[in-house]
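Asks: Sharing a model prediction with you, sequence too.
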Amino acid sequence: MQNFEYCTPTRLLFGRGVVDQLPEVMKPLGKRVLLTYGGGSIKRTGLYDKVKQLLHDFVIYELSGIEPNPKYTQSVVPGVQMCKEHHIDVILAVGGGSVLDCSKAIAAGACYDGETWDLITYKVQAQKALPIVDIMTMAATGSEYDSGGVITRTESNDKLGYIDPLLFPVCSLLDPELTFTIPLKHTLAGVADAMNHVLEQFFCEDHTILNDAMCIGALRTLMTHVQRVINNPNDYDARAEIFFTCTLACNNIFSLGNSPSRWPLHAMEHTLSAYYDITHGEGLAIITPRWMKHILNEKTLERFVTYGTQLFGIDASLPAQQIAEEAIQRTHDFFCQIGIPMTLTQVGIDDSRLAEMAAHTQRVSHLEKAWAPLTEQDIEAIYRASL
Ligand code: NZQ
Ligand code: ZN
């Protein structure tokens, strides 16, 4: 078992009605609030009005229209300007992972005199960030319980993870009822995203029985409850279990003591959504079984056997190779069965830029150093197999 350090300073308030605690959460953090949100879902659901009413004592400025795959120039830069101009004390992010990720970059940029991009690219280490509170309305990224954000710069096709302990939210308010209105497409993409967060941690060199059990439990929870939510979007318990699993899945809890993973699926997907602005969870679902097939070899076999027997209940007495292949097929079938588009063609990606994207992924993420090393040619082959 490897050494590790773990500290998550984020306070979680989880369950029905927790949003009512917002004023009490916000009061110690200051009066001047930047309220950030996306393309309007919070207005349609009534959450916007509720937040405004709860915070009637506060001075509120608003940054709206934060896009999925949040953009540096369109959203981060104006947000930083607003914080500086209006002397903002605290950022309140209300929406999905994109809104929160964007808010994290803004929080750091607001306390830095230079270009925020210097921080996102780690050219300069942030010394300070504004406090962030969030009301998360999507079950997916786990941004509500991690210290990272992912920001896209369209001009250079960059989609970069920006991680710094300063970016942990002070408090995340998580009411599963707020996730009832997520459109089916994003519900499924969110589940696929969280499943991938687990898989990225499961597939590594050194691992523990405890971590394997947590990973398999998380995957089983997501795969079981998504079926219930497809049948009934207002199934509170199913939504709640999915939400909490998503919250935990990106926080590294499931891999404490494991050897690190380079998160190759995320590296490959971030390039796809940087170039084509596709939905993150869909991109991940599409490449996952192709990546699995590509890396299956003598060294990786044991992980697939554990995965196949423990998650899918495949007969452990079968030959290992057969178990592994069956597990990969079942992974593919699961995504198909719940209704996620499972080819790049279906999400509007053709073969014209695969080599360029593979080179980009490798330049940014160095997957030759991954547990199952990938060359640029391997990455291109995985993209091609996903078409
Ligand atoms: O923009 P609005 O109108 O709010 O609509 C959003 C958006 O269209 C809608 N939505 C969210 N909650 C809703 C809702 N619609 C109705 N009811 C609700 N309750 O859903 C759409 C997608 O929202 P978005 O925030 O983009 O989704 P998600 O939470 O999946 O975030 C995706 C982004 O997070 C990054 C992804 O790469 C992508 O950029 N990631 C962030 C991570 C992190 N911070 O740790 C890790 C992940 O691996 C991921 O890379
Ligand atoms: Zn993800």
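Replies: In hand now; what should we look at? Bear in mind that the values here come from a model prediction, so they are computed numbers and not experimental data. Ligands and ions are numbered 1, 2, ... in the order given.
Asks: Spit out the contact partners of T179.
Replies: Applying CB atoms under 8 Å, 6 or more residues apart in numbering, we find T179 in contact with T137, M138, A139, T187, R239, I242, F243. Glycine gets a C-beta too; all of them are placed from N, C-alpha and C.
Asks: how about 10 Å then?
Replies: Counting by CB atoms under 10 Å, 6 or more residues apart in numbering, T179 touches 96, 136-140, 186-187, 190, 229, 233-234, 236, 239-240, 242-243, 246.
Asks: How about the stretch 51-200 of the chain: which residue is closest to ligand 1?
Replies: Nearest residue of the stretch 51-200 of the chain to ligand 1 (CB to the nearest ligand atom) works out as G96 at 2.2 Å.
Asks: so that residue sits right up against T181, yeah?
Replies: No - the criterion here is CB atoms under 10 Å, and G96 misses it with T181 at 11.5 Å.
Asks: Quick check: neighbours shared by the two?
Replies: With contacts taken as CB under 10 Å, 6+ apart, the residues that reach both G96 and T181 are S41, I42, T137.
Asks: Am I right that the last one is in contact with L174?
Replies: Translated: T137. Yes - contact criterion CB under 10 Å: T137 and L174 qualify, at 9.3 Å.
Asks: Just want to check the distance between F243 and K123.
Replies: 36 Å (CB to CB, to the nearest Å).
Asks: element containing T187, please.
Replies: T187 belongs to helix 184-202 when elements are defined using DSSP states H and E.
Asks: can you check E62 too?
Replies: Element membership for E62, per DSSP H and E: strand 59-63.
Asks: List the buried residues for the helix holding T187?
Replies: Within helix 184-202, the residues scored as buried using 16 or more other CB atoms under 10 Å are 186-202.
Asks: picking that back up, kindly list the main-chain dihedrals of the residue of the stretch 51-200 of the chain closest to ligand 1?
Replies: With angles defined as degrees, to the nearest 10, G96 sits at phi -90, psi -170.
Asks: Can you report how many residues neighbour it?
Replies: For G96, the neighbour count with other CB atoms under 10 Å is 28.
Asks: Now it: closest residue in space that isn't a chain neighbour?
Replies: M138 (3.4 Å; CB to CB, 6 or more residues apart in numbering).
Asks: Tell me if I'm right that the one you found and K185 touch.
Replies: No - M138 lies out of contact with K185 (CB under 10 Å); the separation is 11.8 Å.
Asks: Near the residue in the stretch 201-350 of the chain that ligand 1 sits nearest to, how many other residues are there?
Replies: Evaluated by CB to the nearest ligand atom, the stretch 201-350 of the chain has H280 as its residue closest to ligand 1, separated by 3.8 Å. H280 sits with 25 neighbouring residues when counted by other CB under 10 Å.
Asks: pretty sure it is touching A189, no?
Replies: Yes - look at H280 against A189 with CB under 10 Å: they come within range, at 6.8 Å.
Asks: give me every residue that touches the closest residue in space to E282 that isn't next to it in sequence.
Replies: Nearest residue to E282, sequence neighbours excluded (CB to CB, 6+ apart): A189, at 5.2 Å. Contacts for A189 were tallied using CB under 10 Å, 6+ apart; they are 68, 138, 140, 182-183, 278-285, 340-341.
Asks: Y383 now?
Replies: Applying CB under 10 Å, 6+ apart to Y383 gives the contacts 268, 271-272, 286-287, 290, 344, 349, 351, 353-355, 357-358, 361.
Asks: Please spell out the ChimeraX selection for the buried subset of those.
Replies: To isolate the buried ones among the contacts of Y383 in ChimeraX, judged by 16+ other CB under 10 Å, type:
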select :268,271,272,286,287,290,344,349,353,354,357,358,361
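Asks: now the strands for the stretch 251-387 of the chain?
Replies: Along the stretch 251-387 of the chain, no segments are classed as strands by DSSP state E, counting those that start in this stretch.
Asks: Go through the protein and flag its longest helix.
Replies: In terms of residue count, the longest helix belonging to the chain (DSSP state H) is helix 209-231.
Asks: Just give me how far the following helix or strand past it sits from the chain centre.
Replies: The C-terminal neighbour of helix 209-231 among helices and strands, as given by DSSP H and E, is helix 236-249. Mean C-alpha position of helix 236-249 versus that of the full chain (CA atoms, centre = their mean, to the nearest Å) differs by 14 Å.
Asks: quick one: stretch 136-150 near ligand 1?
Replies: Yes - applying CB under 6 Å from any ligand atom, one finds stretch 136-150 touching ligand 1 at T137, M138, A140, T141, G142, S143, D146, G148, G149, V150.
Asks: looking at these, which has the most residues close by?
Replies: Counting neighbours by other CB under 10 Å, the top entry in these is A140, with 30 neighbours.
Asks: how near is that one to E282?
Replies: 11 Å.
Asks: who touches both of those two?
Replies: H186, A189, A192, D193.
Asks: Now flag whichever of the residues you listed is closest to P169.
Replies: Within those, proximity to P169 (CB to CB) peaks at D193, which comes in at 18.3 Å.
Asks: show me the contacts for the closest one.
Replies: D193 touches 97, 138-142, 186, 222, 246, 249-250, 266, 269, 279-285, counting by CB under 10 Å, 6+ apart.
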